Structures are given as C-alpha cells and as structure tokens.
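Novice: Take a look and give me a structure for this.
(one chain, ligands or ions: 1)
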Amino acid sequence: MSYSISTIHNCLLFTIQREERRNAIDFDVMEGLREFALRLHEDTRISAGIITGSGNQAFCSGGDLQVFHALETEAEARSMLQPMSEILVQLAIVPVPTIALVNGHAVGGGCEIATMCDFRVMHETAKAGFIQGSLAITTGWGGATYLFDKLADPQKAFKVLLEAKPYDAKTLHAIGWANDLYTGEKEEALERIVRQYVSSHPSVMRAYKSRRLDQLNIQTLKGQIEREVNDCARLWEQPAHHEAVAKFLSKKSK
Ligand SMILES: CCCC(=O)SCCNC(=O)CCNC(=O)[C@H](O)C(C)(C)COP(=O)(O)OP(=O)(O)OC[C@H]1O[C@@H](n2cnc3c(N)ncnc32)[C@H](O)[C@@H]1OP(=O)(O)O
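Specialist: Below you'll find the model as predicted:
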C-alpha cells in the first residue's frame, strides 16, 4: 500500500508510504487522500487531520514524474490535475483543523499539499518550495491559491512562486509558511502537535474551524483553483515541460 491512514489520540493521520520515491504522489496516493478527506468529513469523533511522509528524507516530492510523464497533452494533464485539485479542496474544507508534519523535503505538488493544510510543522533540516517553475509549469493542484491565502504578505507569496526553488526551514518560518519548527524524531513531533494544536475539546476544534471557513469564499477559491489547473495543463503539453522532466528522469537512470 502506498499510503496508510491511522489514528493517533483523536487525530486521523495520513502517511504517504513511498519512501523510495521520496513520497511522490501517484494515482493510488490520490485515492488515499480522497478517502482521508471523506473520513475527516464524516467521522465526528476526529478532532484534527495530520498529513506526513514516511521516513526522514521527504514529506512529499510532488507528482510522481515517472508515472505522470505518461500524460502528454493538455487534456491528459487535466485528467490528473483537476481531480487532485478537487481532492485538495475537499481537504481544505474539512470540519477540523489540518496539519502538515513536514518531516523532510516538500517540493512541487508536495509543497501544494502542505500549503493547503491549516498549519505546517517542519523539521529544521527540511526544505520546501514551489519548484514547478523549474519544470516549465505552474502549480496545478491549487497551491498558488492556498499560498496567497496563507501568507500575510502577498508580495512574499508571489516571490516564492516566481523563484521556484526550495527554501530552508528557517526562511519559511520567518515568512510565516512554517508555523513551528522541530528537531529530533517525527514521533515526538507528532505527540507535540497533538498537545499543542489539538488540546481543546473536539467541539471547540470544530467550531473554530467553522469560523476559519467563514473567512473563505469557497466558490471564489474553486474558481481561482480552476484557473490554476487550466494554466498548468496548458503549459504541461509544451516541449519545455517534457524536456525538463526527461532531464530529471535521465539523471535517475545514470
Ligand atoms: C504534478 C504536480 C506538479 C509537481 O509536483 S512538479 C514537481 C515534481 N517533483 C520534482 O521535480 C521533485 C523531484 N525530486 C527531487 O528534486 C529530489 O528527489 C528531492 C525530493 C529533493 C529529494 O532528493 P534526494 O533525497 O537526493 O533523493 P533523490 O533525488 O536521489 O531521489 C531518490 C529516488 O526517488 C526518486 N524520486 C524523487 N522524486 C521523485 C518524483 N517526484 N517522482 C518520481 N520519482 C522521484 C528519484 O528518481 C530516486 O529514484 P532512484 O533511487 O534513482 O531509483
């Protein structure tokens, strides 16, 4: 199985289990995230959702470049980008807070997933960034929309997207992307997250998440994300993107 869903205290924990590919997202993990969102919507005993990656090297390295390389045209790209963006919207609007435990690198789509969550707790040696630009595409799962919503300074969000590079944890903490940094083991960080972020009564957690959702206009959010999907799909079919992916994959075979 390329993912697991378990409970820790009264939280639901989603772990991407693809350490050998730095927890890249394939179609199976997409289905897992759909199931995770559904359970967070339906199980009223749950107080929070946490997403992390297996091992210590990566939270998530984005889309699986080997698997998604088979998608060539704009329409083929959209057939993956659109459902994934819809899954992330479903996760963004779950009735409980969500936390990304960024245990290692979070790049590309991995950074989009972490940014969609309400909070990000990051290992001090991890790096994260919207590197899509270096592959001649844009964010396509809603990441830019979530970033503009999460960072207080839209200029900083804009710059982070344009620079298309991974940043260290200290920098991400300073600009407000990472809410907390941790050292040591992931298991200890998980316990700390539960103590720190999930200490209130479940009904309090849910009530405050409702107030947070009051701040979002879901229809506007969906419209912005749809435009993001369109941009990414359009750029996806261009030779510049396929060449950049082929370059990464050829490094792998050497
Ligand atoms: C569709 C949504 C849009 C996107 O997500 S676009 C962005 C796609 N992601 C990327 O370009 C990131 C590619 N990966 C990397 O830059 C690095 O692997 C990363 C995450 C910084 C980790 O670096 P290292 O710890 O040095 O690991 P490494 O490069 O030696 O990789 C270890 C093995 O994992 C594989 N891998 C890493 N990221 C992958 C990916 N996204 N898709 C498919 N395979 C991936 C990599 O090829 C390598 O495999 P192998 O051991 O050579 O067989």
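Novice: from memory residue 17 sits against residue 24, does it?
Specialist: No. Using CB atoms under 8 Å as the test, residue 17 is too far from residue 24 to be in contact (11.4 Å). Every C-beta, even on glycine, is put in place using the N, C-alpha and C of the backbone.
Novice: So which elements touch the helix or strand encompassing residue 5?
Specialist: In the assignment (DSSP states H and E), residue 5 maps to strand 3-8. If you count contacts as 3 or more CB pairs under 8 Å, 6 or more residues apart in numbering; DSSP states H and E, strand 3-8 packs onto strand 11-16, helix 27-42.
Novice: want to try JSON lines for the ones you listed, with mean neighbour count and mean pLDDT as columns?
Specialist: Formatted as JSON lines, the helices and strands packed on strand 3-8 follow (neighbours: other CB atoms under 10 Å; pLDDT from 0 to 100):
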{"stretch": "strand 11-16", "mean neighbour count": "23", "mean pLDDT": "98"}
{"stretch": "helix 27-42", "mean neighbour count": "17", "mean pLDDT": "98"}
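Novice: and of the ones you listed, who's closest to the ligand?
Specialist: helix 27-42 (10.4 Å; CB to the nearest ligand atom).
Novice: returning to that earlier point: switch the helices and strands packed on strand 3-8 over to CSV; also include distance to residue 189.
Specialist: As requested, these are exported to CSV (distance: least, CB to CB, whole Å):
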stretch, distance to residue 189
strand 11-16, 12
helix 27-42, 19
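Novice: now those as CSV including distance to the ligand?
Specialist: Output for these, formatted as CSV (distance: least, CB to the nearest ligand atom, whole Å):
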stretch, distance to the ligand
strand 11-16, 11
helix 27-42, 10
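Novice: picking that back up, between residue 17 and residue 24, point out the one with more neighbours.
Specialist: residue 24 (25 against 16; other CB atoms under 10 Å).
Novice: and the residue lying closest to that one once chain neighbours are set aside, what does it touch?
Specialist: In space, and not counting its chain neighbours, residue 24 is closest to residue 64: 3.9 Å by CB to CB, 6 or more residues apart in numbering. Residue 64 makes contact with 18, 21, 24-26, according to CB atoms under 8 Å, 6 or more residues apart in numbering.
Novice: can I assume residue 112 is in contact with residue 138?
Specialist: No. Using CB under 8 Å, residue 112 is not in contact with residue 138; the gap is 10.6 Å.
Novice: which of these two has more neighbours?
Specialist: Neighbour totals were compared for residue 112 and residue 138, and residue 112 leads with 29 against 21 (other CB under 10 Å).
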